[in-house]
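>>> Whatever this is, show me its structure:
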Amino acid sequence: MQTTLQTSVRFTGIALHSGQEVTLDVRPAPAHHGIVFERADLSGPVAARCVTVGAEAVIEANLCTRIGNPQGVTVSTIEHLMAALAGCGIHNALIVLDGPEVPILDGSSRPFVAAFVEAGMKTQNAPLLALRVLRPIEVRINDAWARLEPAEHLSIAFEIDFPDSAIGRQQLELTLCNGTFVRELSDCRTFCRQSDVDFMRANGLALGGTYENAVVVQGDAVLSPGGLRRANEPVRHKMLDAMGDLALAGAPILGRYVGHRAGHTLTGRLVRALLADPLAFEWVSVDSDQAHSMPGAGVCAADLAVTA
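Numbering: from 1, shown residues only. Take a look at the predicted model:
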């Protein structure tokens, strides 16, 4: 069955790229509503300042996930929030924010997840539809690639390879069932190299970035206070990003995602490629047995305690 929040939750924080303070409300929504962002800082009809999450709304951006509507309204850096919604199994929500970018908070999905778990989820009297992958779909950009393969449940496999020895080569695969996202990925922060920070700042980006809301590395050193939360936090964060970007399909995906040096652009293209091929997927109604192994099934405060 579809779900939404029991009550609204509010977040206030700094936007990663603009450096502006943003307030964001995630509100309960009726069945079949989907995930919709509303820009409260804009004037005009409500419908014109809303963006519904779906593959057709994706705008390619290298450093974040961005969506927009035909009226030119955009919302950026939605990936950590979308991962939290998908990882908690929340299918319907209205997200009202007073700026063009979601606040970065601590650089992970954990603050969103913690608030959702505290608010509680409500089951709705409407069947949940999922996208089942029927045959492999792959997209490539140079030596980076991402692929979706048939599988009974959502799983994510990822490999990264960076010259900085503080990151190096990392790989991991997880099946995202029964709170695995919350326990294993939700606390893992965005990361970058100090040289990337210098480049972005020089180009007017990452103005809200700090050593507290991102893991910054240089060579073999982790510059952020306290170091890494997990030994392989970088690859886990890439998996978190992939979880959020796969949610751009507008419905849960039953399939295996494999990413090699992939990012937001590749995963967005992969979702669009899947939906553009009617032989590559089918819509299925999630039955009671399948529901017990969906990403948000049974998520509770005890899952968060694992990441503390």
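>>> going forward, measure contacts between C-alpha atoms and count neighbours the same way
Fine.
>>> check contacts around Ser8.
Residues counted as contacts of Ser8 (C-alpha atoms under 8 Å, 6 or more residues apart in numbering) are 25-28, 119.
>>> And the strands in the stretch 51-200 of the chain, which stretches?
Using DSSP state E, counting those that start in this stretch, the strands of the stretch 51-200 of the chain run over 58-59, 66-68, 74-76, 93-97, 121-123, 129-133, 137-141, 144-149, 155-161, 169-175, 191-193.
>>> could those go into CSV alongside mean neighbour count?
Shown next, in CSV, are those (neighbours: other C-alpha atoms under 10 Å):
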stretch, mean neighbour count
strand 58-59, 20
strand 66-68, 23
strand 74-76, 22
strand 93-97, 22
strand 121-123, 16
strand 129-133, 21
strand 137-141, 17
strand 144-149, 21
strand 155-161, 20
strand 169-175, 16
strand 191-193, 19
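>>> Any idea which of those gets closest to Leu279?
Closest to Leu279 of these, according to C-alpha to C-alpha: strand 129-133, at 9.2 Å.
>>> and the spatially most central residue of the chain, what helix or strand is that in?
Note on the chain: the residue nearest the mean C-alpha position is Gly244, at 2.0 Å, using C-alpha atoms, centre = their mean. Per DSSP states H and E, Gly244 falls inside helix 233-246.
>>> so where's the protein uncertain?
307-308 (pLDDT under 70).
>>> Which stretches in the chain count as helices?
79-87, 110-119, 180-184, 194-202, 233-246, 264-276, 288-291, 301-307 (DSSP state H).
>>> same for the fifth one, what does it pack against?
Looking back up the chat, that one is helix 233-246. helix 79-87, strand 155-161, strand 169-175, helix 264-276 (3 or more C-alpha pairs under 8 Å, 6 or more residues apart in numbering; DSSP states H and E).
>>> Would you format those as CSV with distance to Ala40 included?
Formatted as CSV, the helices and strands packed on helix 233-246 follow (distance: least, C-alpha to C-alpha, whole Å):
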stretch, distance to Ala40
helix 79-87, 18
strand 155-161, 34
strand 169-175, 37
helix 264-276, 26
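>>> Quick one: closest of those to Ala305.
Closest among the helices and strands packed on helix 233-246, once you apply C-alpha to C-alpha, is helix 79-87, at 15.6 Å.
>>> What about the nearest residue to Asp41 once chain neighbours are set aside, how many residues nearby?
Spatial nearest neighbour of Asp41, chain neighbours left out: Asp98 (4.6 Å); criterion: C-alpha to C-alpha, 6 or more residues apart in numbering. Using other C-alpha atoms under 10 Å, Asp98 has 16 neighbouring residues.
>>> surely Asp98 meets Val22?
Yes: using C-alpha atoms under 8 Å, Asp98 is in contact with Val22, at 6.0 Å.
>>> Okay, the spatially closest residue to Leu248 that is not a sequence neighbour and Val113: tell me how far apart.
Nearest non-adjacent residue to Leu248, counting by C-alpha to C-alpha, 6+ apart: Gly54, 5.1 Å away. Separation of Gly54 from Val113 (C-alpha to C-alpha, to the nearest Å): 21 Å.
>>> Neighbour count for the two, which is higher?
Applying other C-alpha under 10 Å to Gly54 and Val113 shows that Val113 carries more neighbours, namely 27 against 20.
>>> list the contacts for the closest residue to Leu205 other than its chain neighbours?
Among residues not flanking Leu205 along the chain, His17 sits closest, at 4.8 Å (C-alpha to C-alpha, 6+ apart). Listed by C-alpha under 8 Å, 6+ apart, the contact set of His17 reads 204-209.
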